[in-house]
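# Need a 3D model of the following:
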Amino acid sequence: MKMRPGEQTGFLLCGKEWNEGEELEVHSPWDGGVIGRVTVATRADARQAVNHAVASIRRTRALPRWKRREILEDVTASLIDQRDRFAHLIVAEAGKPVRLARAEVDRAILTFKTAAEEAVRLGGESIPLDLTEGNEGRWGLVQRFPIGTILAITPANFPLNLVAHKVAPAMAAGCPIIVKPSPQTPFTALALGELVLKAGWPQEAIAVMPLSNADTAWLAEKEDRIKLVTFTGSAKVGWELKAHSGRKRVLLELGSNSALIVHGDWPDLDDAAARTANAAFGHAGQSCISVQRVYVERSIFQTFLWKLVEMAGKMVVGNPEEEDTDLGPLIRASEADRVESWIKEALQGGAKLVSGGERKGSMIHPTILTATKPGMKIRDEEVFGPVVLVEPYEDFEEALAEVNHSRYGLQAGLLTRDASRILTAFRELEVGGLIVGDTPSWRLDPMPYGGVKDSGLGREGVRSAIDEMTEPRMLVMAGLH
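Predicted coordinates for the structure are as follows:
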């Protein structure tokens, strides 16, 4: 794949790079310069990708487990060898600070490594059926089989690892996959597609195709040969896809306004503030489990708040290529416009600016607000920017209620040493995951991951995604004595 500034790259279809068609110019979030140009696939190209994928299902389904593992291990090895190349692709396209970009590559390596291990663990179970008279000699076997062709729609904030979270499980399950990457970050996905092909995955069984929104919607809604749509992105788009996808299985990993509770018995507020700052402001808050709301027991509220201000003030805002940068630009200037307008709306509504709020181009400095109220966008919606709200609470049950007062429910964090409170929170909080002893931004890629309410449907994480991408089939054997 070419990556010299200004040159054109084609989409991947049937093992080839296709350069004929409309060009999409991709710009750096940092300085606005042209990174490169990519060919946008047409609806006819998408239909052809489906044709090839459907034709390849017999081959991918028949790939022995050892071969799937071998291919996945080869992709893993290539990512290790090309760690710096992928990190700099992520920096260029997403504006992610280089240290965080390297961490993302490391996460993708773990994702593919885990998929290689899960490929050989994908089994079934034997079920006794001689449970009533007359059924002697009957037995049953349940085995999981690939669901069929998958459409994966991926976002810009993790242009490698969130593609990996769809491609690697699909390969382990034996499913062909068509990847539609974000138009802001197509090059990382295309580079990963090349590694998958070089590792020996059938050429017809993977396509990486920048597509228009209309043609992507057509694939998801009208193309019945697509058996599963897996989407990571905004709640609005995700639920619209679900509403129009007919009988297809749909896996949604959507947004959140993730909350952290800091109780008064937590012994190390310096560490708590440092973790919160990194989780709220790292990569300019552009993560669906970025800390957005913090509820702090009143007895420690002021202490924690000013420690957080101190930590935020130490964070470096600037060029994502530089090693000491903690947060760079938002993905687009329009996103900075939106975040800035939400901050202003909150301040006009009575919220107080504790620190930050400055804007320069697409960059917004770490921003801490308090005295926010329900009904403010900055509190109710997913800000997806470097903004955190810190509010006091008197009673632990009050804090739980505040966390649940949201249409989202992806992950929550809890800092307390009280086992009773931990169990109460685990029982009462309406989230897909509760992280005790850390922020809601903590995630290990093999673990089940997903949310409730408007935060999504189904679970990612390699094993969980494989389950979503396969279906159980029952074999009943009779007359065997």
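# what's next to the longest helix seen in the chain, contact-wise?
What stands out as the longest helix in the chain, according to DSSP state H, is helix 98-119. Residues external to helix 98-119 that are found in contact with it (CB atoms under 8 Å, 6 or more residues apart in numbering): 65, 68-69, 72-73, 75-76, 79-80, 83-84, 86-88, 90-91, 94, 96, 158, 160-161, 164-165, 168-169, 171-172, 192, 282-283, 320-323, 325, 445-446, 462-463, 466. The C-beta positions use only the backbone N, C-alpha and C, and glycine is treated the same way.
# Would you write a ChimeraX line that selects the buried entries of the residues you listed?
Once 16 or more other CB atoms under 10 Å is used to decide burial, the buried members of the contacts of helix 98-119 can be selected in ChimeraX as follows:
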select :68,69,72,73,75,76,79,83,86,87,88,90,91,94,96,158,160,161,164,165,168,169,171,172,192,282,283,320,325,445,446,462,463,466
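# Residue 74 reaches residue 199, doesn't it?
Yes - counting by CB atoms under 8 Å, residue 74 does reach residue 199; the two are 3.7 Å apart.
# For residue 246, grab the count of nearby residues.
11 (other CB atoms under 10 Å).
# what's near enough to touch it?
221, 224.
# Then residue 40?
By CB under 8 Å, 6+ apart, the neighbours of residue 40 are 11, 21, 22, 23, 24, 210, 211, 212.
# Select from those every entry located in strands.
Per DSSP state E, strands hold the following members of the contacts of residue 40: 11, 23, 24.
# among those, who's most crowded?
Using other CB under 10 Å as the neighbour criterion, residue 11 leads the ones in strands among the contacts of residue 40 with 29 neighbours.
# Name all residues that make contact with that one.
17, 18, 38, 39, 40, 41, 45, 190, 207, 208, 209, 210.
# same question for the helix or strand where residue 261 lies, mean pLDDT?
Residue 261 is part of strand 259-262 when elements are defined by DSSP states H and E. The average of the pLDDT scores along strand 259-262 is 98.
# which helices and strands does the following helix or strand past that strand pack with?
Sequence-wise, the next helix or strand downstream of strand 259-262 (DSSP H and E) is helix 269-281. Identification of packing neighbours for helix 269-281 by 3 or more CB pairs under 8 Å, 6 or more residues apart in numbering; DSSP states H and E yields strand 259-262, helix 298-314, strand 387-393.
# Just checking: what are the partner strands of the first one?
For strand 259-262, the paired strands and their directions (DSSP bridges) read strand 293-297 (parallel), strand 411-415 (parallel).
# for these, which one sits closest to residue 247?
strand 411-415 (30.2 Å; CB to CB).
# need the next SSE after that closest one, C-terminal direction.
helix 419-428.
# which other helices and strands contact that next one?
Right, helix 419-428 is packed against helix 396-404, strand 411-415, strand 433-436 by 3+ CB pairs under 8 Å, 6+ apart.
# where's the one helix or strand residue 140 maps to relative to the chain centroid, distance-wise?
Following DSSP H and E, one finds residue 140 within strand 139-146. Its chain's C-alpha centre and that of strand 139-146 lie 30 Å apart, by CA atoms, centre = their mean, to the nearest Å.
# Pull out the buried residues from that strand.
The neighbour-count check on strand 139-146 (16+ other CB under 10 Å) flags 144, 146 as buried.
# Please dump the strands paired with strand 259-262 into TSV; it should also carry mean neighbour count, mean pLDDT and distance to residue 123 for every row.
Below are the strands paired with strand 259-262 laid out as TSV (neighbours: other CB atoms under 10 Å; pLDDT from 0 to 100; distance: least, CB to CB, whole Å):
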stretch	mean neighbour count	mean pLDDT	distance to residue 123
strand 293-297	25	98	42
strand 411-415	28	98	30
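# want to throw those into TSV with distance to residue 346?
Output for those, formatted as TSV (distance: least, CB to CB, whole Å):
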stretch	distance to residue 346
strand 293-297	13
strand 411-415	22
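# Can you tell me which of those is nearest to residue 251?
Using CB to CB, the strands paired with strand 259-262 put strand 411-415 closest to residue 251, at 17.1 Å.
# Residue 275 is nearest to which of the helices and strands packed on helix 419-428?
Of all these, it is strand 411-415 that lies closest to residue 275, at 8.6 Å by CB to CB.
# How about residues contacting that closest one?
Strand 411-415 is contacted from outside by 256, 258-263, 266, 272, 279, 289, 291, 403, 421-422, 425, 429, 431-443, 451, using CB under 8 Å, 6+ apart.
# Just want the angle from that strand to helix 269-281.
170 degrees (axes from the mean of the first three to the mean of the last three CA atoms, to 10 degrees).
# now the angle from strand 411-415 to helix 298-314?
Counting by the same axes, to 10 degrees, strand 411-415 points 110 degrees away from the direction of helix 298-314.
# Just want the angle from strand 411-415 to helix 419-428.
170 degrees.
# how far out from the middle of the chain is strand 411-415?
Counting by CA atoms, centre = their mean, strand 411-415 is centred 18 Å from the centre of its parent chain.
# what's the burial count for residue 428?
By the criterion of other CB under 10 Å, residue 428 has 14 neighbours.
# nearest spatial neighbour of it, skipping sequence neighbours?
residue 400 (5.1 Å; CB to CB, 6 or more residues apart in numbering).
# do residue 124 as well
residue 143 (3.8 Å).
# Mind pulling the model confidence for the one you found?
Value for residue 143, per-residue pLDDT: 95.
# Could you measure from it over to residue 473?
To residue 473, residue 143 is 6 Å away according to CB to CB, to the nearest Å.
# same thing with residue 166?
Distance from residue 166 to residue 473, by CB to CB: 23 Å.
# who's more crowded, the two?
residue 166 (26 against 11).
# Now do the same contact list for the spatially most central residue of the chain.
The residue lying closest to the centre of the chain (CA atoms, centre = their mean) is residue 162, at 4.8 Å. Neighbouring residues of residue 162 by CB under 8 Å, 6+ apart: 154, 155, 232.
# domains of the protein?
8-254+456-474, 259-444 (automatic domain parsing).
# would residue 321 count as being in a helix?
No - Residue 321 is assigned coil when assessed by DSSP: H, G, I helix; E, B strand; the rest coil, not a helix.
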